[in-house]
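Novice: Model the structure of this input:
(chains A and B)
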Amino acid sequence: MRTSQFPLQTVKETPSEAEVASHQLMLRAGMIRKLASGLYTWLPLGLRVLRKVEGIVRDEMNRAGALELLMPAVQPAELWLESGRWEKYGPELLRLNDRHQREFCFGPTHEEIITDLARNELQSYKQLPVNYYQIQTKFRDEIRPRFGVMRAREFLMKDAYSFHASQDSLQQTYDQMYATYSRIFERCGLMFRAVQADTGSIGGNASHEFHVLADSGEDAIAFSTASDYAANLELAEALVPAGERPAPAAEMKTVDTPEQHSIDEVSTFLNTDPSSCLKTLIVHGTEEESLVALVLRGDHELNPIKAEKLEMVAEPLTMATDEEIKSAIGCSVGSIGPVDINIPLIADRSAAAVADFICGANKDGKHYTGVNWERDLPAPQTADLRNVQEGDPSPDGKGSITIARGIEVGHIFQLGQRYSEAMNATILDENGRAQVMTMGCYGIGVSRVVAAAIEQNHDEKGIIWPAAIAPFQVALLPMKLNKSHRVQEAVEQLYNELQDAGIDVLLDDRDVRPGFMFADMELTGIPHRIVVGERGLDEGTVEYRGRRETENSMIAIDQIVSVLRERLSNDTT
RNA sequence: CGGAGCGUAGCGCAGCUUGGUAGCGCACCACAAUGGGGUUGUGGGGGUCGAAGGUUCGAAUCCUUUCGCUCCGACCA
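Specialist: Okay, the predicted model is just below:
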């Protein structure tokens, strides 16, 4: 391809709307343009990358024996009513009416459609297992679209759904998809981790998320230093602290703590450590107008997912308002404590293991010190309520926790019979009896992978593509193209040779100054660059530089194609 | 949806407080010079100032309404 035929729509200035690196760079490099909130046009340069990711995904899915199909993006309401999700899915579902006022939605996912297909197409256990997939545009009316195509409303997704006669069979396909996903992200040249995940609203048994590791990622992931344990922070268990709670050593006293509200303020004021303070959070309970007190160690953070799984606690988790707290407990937020509190109380397991602690006295401006469970107040009901922290023991008993950030690009689920049962998707088993099928589902955010790749691989000059998904593998830059016949001849010949070698090459034949070309090629992230100029030609060489390198190397012009071919084959493995 | 902010040329912004010819940089077009890290000069094209209504002799500017977008909190590939 030549830049004269493939214009680079690059811009020097960063559009003000873009917050994160990938969004800024995708706009600046001319990969995408925004049409409206959460809606993007993929320009030719961006589409080349999207198609390459898509190609890898398709290739690996096919290799795993999955069958590609294509379902409609617009779906009739009936099926969603049948599964119960027409009500449940809420405002994120874009609903439409046709000219006859029949109700439809634009598909945010396709469980209903595929289950409907399966119940019609599949009659016998002999047809199982099957794994159908598609690569298709989805729409989710996100509350807050953000970060360009990272969290767009319309996005490209690969979604797969498998059907089984047994849990064993599901487990086999699940394991195979786990391996397939690993291969896909490896081939994309990305650093990623598979982590245990919450099954969330979709429900089901096992679930893993695949995260591209990047400091700007929205999710926190807990890893073990000594094993392959990895879990979403939402899910990672904080273990019961080892050892007995120390015996009380101090007298319980009331102290004045004027204007000291936060744990930091109180612990600094009393010259102690946050870990010896307990904080008490008041949340709404399941019962009408009821409140529940959650007690955590001062240096720990509440995990809302864990909290809202408690029977007593309302889902979704909401904090009580200042007024509710004032009227129920009689003090303001900064002075609440577990002693003599008049609402149900649940303590985090770590908080229950602290002796001689400091806590609010349920009177403004007062705290207690030297408080002890069982002596000064009853031993609490306990639960795992907190986020794990760096340095906590790993839940699998091996090593300790480190925390990294990631971007969720894939998610695999064992759905079980959630949809097949609701929609009566059955097959006949060996005994001729109807049996509800067991399902799995497997998603990859194809357009998000593109953004995540940039988030993980960029520098101050621009994008640095992994070779397998780069829009072009090699940039060919002639110096003084319009002034030098020698350069012209050499570069044309090289261009043809590279193309004949099956290399994706972009020849910059614009009449622009070299600095302009360099800047554009670096911004658009083309991994390999060749400069052809008079200087080199005198010696029979061209200049080569990899996108991550800072120095040129001179390579004989008759060697360059084989050198490149070798580097590219190393890149893609 | 709640809170904050912004809408002026394709992009980045000034002008608004104190009403009076709509500006700057980048990009774009033409010519010339330049030609190995976003070069320079000269000349040029492009804006119903988000929209509607009001106040006024006169509104980008003041008032009201409305739409859109971005950011901070609850969803997910």
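Novice: Return the set of buried residues in stretch A:490-506.
Specialist: In terms of neighbour count (16 or more other CB atoms under 10 Å), stretch A:490-506 has its buried residues at A:Ala490, A:Val491, A:Glu492, A:Leu494, A:Tyr495, A:Glu497, A:Leu498, A:Ile503, A:Asp504, A:Val505, A:Leu506. From N, CA and C alone the C-beta is placed, and that goes for glycine too.
Novice: correction: stretch A:407-418
Specialist: Residues of stretch A:407-418 classed as buried by neighbour count (16+ other CB under 10 Å): A:Ile407, A:Glu408, A:Val409, A:Gly410, A:His411, A:Ile412, A:Phe413, A:Gln414, A:Leu415, A:Gly416, A:Arg418.
Novice: I'd like these laid out as TSV, including secondary structure, pLDDT and distance to RNA strand B.
Specialist: As requested, the buried residues of stretch A:407-418 are exported to TSV (DSSP: H, G, I helix; E, B strand; the rest coil; pLDDT from 0 to 100; distance: CB to the nearest atom of the strand, whole Å):
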residue	secondary structure	pLDDT	distance to RNA strand B
A:Ile407	strand	95	9
A:Glu408	strand	94	5
A:Val409	strand	96	5
A:Gly410	strand	96	5
A:His411	strand	94	4
A:Ile412	strand	95	9
A:Phe413	strand	92	7
A:Gln414	strand	94	13
A:Leu415	strand	92	11
A:Gly416	strand	92	15
A:Arg418	helix	90	13
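Novice: and of these, the nearest to A:Ser350?
Specialist: Distance from A:Ser350 was checked for each of the buried residues of stretch A:407-418 by CB to CB. The minimum falls on A:Glu408, at 27.9 Å.
Novice: Who does that closest one form a beta bridge with?
Specialist: Taking DSSP bridges as the rule, A:Glu408 bridges to A:His211.
Novice: In the stretch 401-550 of chain A, what residue comes closest to RNA strand B?
Specialist: Minimum separation of the stretch 401-550 of chain A from RNA strand B (CB to the nearest atom of the strand) falls at A:Gly533, amounting to 1.8 Å.
Novice: residue contacts, that residue?
Specialist: Residues counted as contacts of A:Gly533 (CB atoms under 8 Å, 6 or more residues apart in numbering) are A:Pro478, A:Met479, A:Lys480, A:Val487, A:Glu543.
Novice: closest to A:Val388 among the residues you listed?
Specialist: Within the set of the contacts of A:Gly533, A:Glu543 lies nearest A:Val388; the separation is 50.3 Å, counting by CB to CB.
Novice: The closest residue to A:Pro108 other than its chain neighbours and RNA strand B, how far apart?
Specialist: Nearest-residue entry for A:Pro108: A:Arg140, 4.4 Å, with adjacent residues in sequence omitted and distances by CB to CB, 6 or more residues apart in numbering. To RNA strand B, A:Arg140 is 6 Å away according to CB to the nearest atom of the strand, to the nearest Å.
Novice: now the strands for the stretch 51-200 of chain A?
Specialist: Under the criterion DSSP state E, counting those that start in this stretch, strands of the stretch 51-200 of chain A are mapped to A:67-68, A:74-76, A:94-97, A:103-106, A:130-139, A:154-164, A:192-196.
Novice: Name the residues that touch the fourth one?
Specialist: Going back to what we said before, that points to strand A:103-106. Residues outside strand A:103-106 that contact it (CB under 8 Å, 6+ apart) are A:73-77, A:80, A:86, A:93-98, A:139.
Novice: okay, and for the stretch 51-200 of chain A, where does confidence drop off?
Specialist: Across the stretch 51-200 of chain A, the ranges flagged by pLDDT under 70 are A:199-200.
Novice: swap the cut-off to 80 and go again
Specialist: Screening the stretch 51-200 of chain A residue by residue with the criterion pLDDT under 80, one finds the ranges A:198-200.
Novice: Kindly report the same for the stretch 301-450 of chain A.
Specialist: In the predicted model, the stretch 301-450 of chain A carries pLDDT under 80 at residues A:315-316, A:321-323.
Novice: Spell out which parts of it neighbour RNA strand B.
Specialist: Contact residues of the stretch 301-450 of chain A with respect to RNA strand B, defined by CB under 7 Å from any atom of the strand, are listed as A:Pro304, A:Pro316, A:Glu408, A:Val409, A:Gly410, A:His411, A:Gly443, A:Ile444, A:Gly445, A:Ser447, A:Arg448.
Novice: Rebuild the buried residues of stretch A:407-418 as TSV, extending it with distance to A:Ile358.
Specialist: Formatted as TSV, the buried residues of stretch A:407-418 follow (distance: CB to CB, whole Å):
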residue	distance to A:Ile358
A:Ile407	39
A:Glu408	39
A:Val409	44
A:Gly410	45
A:His411	42
A:Ile412	45
A:Phe413	44
A:Gln414	45
A:Leu415	47
A:Gly416	47
A:Arg418	46
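Novice: Could you let me know which of the residues of the stretch 301-450 of chain A next to RNA strand B ends up closest to A:Val11?
Specialist: The shortest distance between A:Val11 and any of these, using CB to CB, involves A:Ser447 and amounts to 20.9 Å.
Novice: sec struct for the residue in the stretch 251-400 of chain A that RNA strand B sits nearest to, please.
Specialist: In the stretch 251-400 of chain A, the residue found nearest to RNA strand B is A:Pro316; the distance is 5.1 Å by CB to the nearest atom of the strand. Of the three states, A:Pro316 takes coil under DSSP: H, G, I helix; E, B strand; the rest coil.
Novice: all strands for the stretch 201-350 of chain A, in order.
Specialist: Under DSSP E, counting those that start in this stretch, the stretch 201-350 of chain A gives strands at A:207-213, A:219-224, A:230-232, A:253-256, A:278-284, A:291-297, A:345-348.
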